[in-house]
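Colleague: show me how the following folds:
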Amino acid sequence: MKEIVIISGKGGTGKTSLTASFAVLGGSDIIAADCDVDAADMHLLLQPDQAESEDFFSGELAQIDPEICEQCGLCKDVCRYDAIRIVNGKHRVEPLDCEGCGYCARICPVNAITNLENNVGLLYRSRIRTGSKMVHARMKVGAENSGKLVARVKKEAKIIAENEKKDLVIVDGSPGVGCPVVSSLSGANYIVFVTEPTVSGLHDLERVHELVDRFSIPSGCIINKADLNEGKRLKIENFLKNKGINHIADIPYDENFTKSMMQGKTIVEFDNSQLKSILENSWEQIKEYAKQTK
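Modeller: A predicted model of the protein is given here:
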């Protein structure tokens, strides 16, 4: 089984649209995973049925029992995150500010404070219209530890792929270079960068490639909206050549991408023009590159 992860150094490059298109082209032979858990939106294109869901817990939150609390204020004094407030004369923990360190519970003289597991989101195992399955998640507003949720999504996708004897897992990774991206890269066999010919596109491609290079994972790149800036496109091509990154395809700007999204479809389901052919060829290349990895 091979794992292909699609990432970008910045948001708005078309990463998710392309990942969803490849998931459709892969049909029932692949398992899809949406690891962009902080801003998940691949479900808008693949329309998973959310057949199974479960709460995801990570970290802890302090909770004050008002029946036991004597309002001494020690917890409020020692909380370095200012997470404990006085509301209507009683001490209360603000969930969005609490870091779950547990110090307040340790110094409470009457044991009125306990640390509880923090429910930070939902994990879904779904079937999508291609006949395949998709693992995805949703973080709660203000929740943290998205890197752990990404790891769980990837683990579940691999389990399903192994149980159903699928050869490929395709992952929509998070943009940027933070913890969720690092978690997305773990265990990957092949990385596909999606960039665009802009100043920020090239700069962020360089940053995320530096991260991927530390993992020594083979990679390729798709330049989306490639015809918007010839000079920047040539600079990106030179960068790919110098770094030994497979130049998979140049995709021209096309408003049909937006039109297809408005109808809840991927571009390969919406458009039968040259654009679909480019993506079909790109998918074949990606699969071949992935097969060659260890």
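Colleague: when you work out contacts or count neighbours from here on, use the C-alpha atoms and nothing else.
Modeller: OK.
Colleague: please enumerate the strands of the stretch 101-250 of the chain.
Modeller: Ranges of strands within the stretch 101-250 of the chain are 113-127, 133-139, 168-172, 190-195, 219-224, 246-251, based on DSSP state E, counting those that start in this stretch.
Colleague: would you mind saying which of these lies nearest residue 292?
Modeller: strand 190-195 (9.4 Å; CA to CA).
Colleague: return the distance of the closest one from the chain's centre.
Modeller: Distance of strand 190-195 from the chain centroid (CA atoms, centre = their mean, to the nearest Å) equals 13 Å.
Colleague: run through who's touching that strand.
Modeller: With CA atoms under 8 Å, 6 or more residues apart in numbering as the contact definition, strand 190-195 has outside contacts at 2-10, 13-15, 185, 201-202, 205, 217-224, 286, 289-290, 293.
Colleague: swap in stretch 20-31?
Modeller: Outside stretch 20-31, the residues touching it (CA under 8 Å, 6+ apart) are 32, 42, 45-46, 130-135, 157, 160-161, 166-170, 266-268, 279-280, 283.
Colleague: let's see it as CSV, backbone CA atoms only.
Modeller: Taking Å, rounded to 0.1, in the frame of the first residue of the first chain, the C-alpha atoms of stretch 20-31 are listed here in CSV:
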residue,chain,number,x,y,z
ALA,A,20,-10.7,15.5,-4.7
SER,A,21,-10.3,15.1,-8.5
PHE,A,22,-7.6,12.5,-8.0
ALA,A,23,-9.9,10.7,-5.5
VAL,A,24,-12.6,10.5,-8.2
LEU,A,25,-10.2,9.3,-10.8
GLY,A,26,-8.9,6.7,-8.4
GLY,A,27,-12.5,5.4,-8.0
SER,A,28,-13.0,2.4,-5.8
ASP,A,29,-9.3,1.5,-5.8
ILE,A,30,-8.3,4.2,-3.3
ILE,A,31,-9.1,5.3,0.2
